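1. Predicted model follows, preceded by the sequence.
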Amino acid sequence: MAAPGWAVLGGCPALDVLYWDESVTPRRPARVRAALVWADYDAGMHGWRAHADNRDLRVAWSPEGQATLVMPWEEPSGGHEVKAP
């Protein structure tokens, strides 16, 4: 990672690598802190507003080397896979 927020991983700005997967060469991020950014429109006095929430997320890697961030609602829960609607 060059600097916090300079890398985009799974469509979100990566702020920090929390854990590296050393079992592959070159090593790759296994858990990151990422910024989840969203916006909404306030028809009153504000107009468009942007918001962000920092989350610690697991990184899943495809066999082709494509990174996907695993959102909390996609994590297995109590031995059962939970799927987003």
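-> Good, I have the coordinates.
2. Wait, residue 19 touches residue 31, no?
-> Yes: using CB atoms under 8 Å, residue 19 is in contact with residue 31, at 4.0 Å. The way it works is simple: take the backbone N, C-alpha and C, and place the C-beta from them, glycine included.
3. Could you list the low-pLDDT ranges of this protein?
-> Where the chain drops to pLDDT under 70, the residues are 1-5, 78-85.
4. switch to 90 and redo it
-> 1-13, 25-26, 37-38, 42-47, 49-52, 65, 72-85 (pLDDT under 90).
5. now the strands: where do they sit in it?
-> Applying DSSP state E to the chain gives strands spanning 7-9, 12-21, 28-42, 47-61, 67-70.
6. Residue 19 and residue 31: who's more crowded?
-> Neighbour count, other CB atoms under 10 Å: between residue 19 and residue 31, residue 31 has more, with 17 against 12.
7. Let me see the contact set for the more buried one.
-> Counting by CB atoms under 8 Å, 6 or more residues apart in numbering, residue 31 makes contact with 17, 18, 19, 56, 57, 58, 59.
8. Taking those residues, tell me the two that lie furthest apart.
-> Based on CB to CB, the longest span within those runs between 17 and 58 and measures 12.1 Å.
9. Alright, that wraps it up for me.
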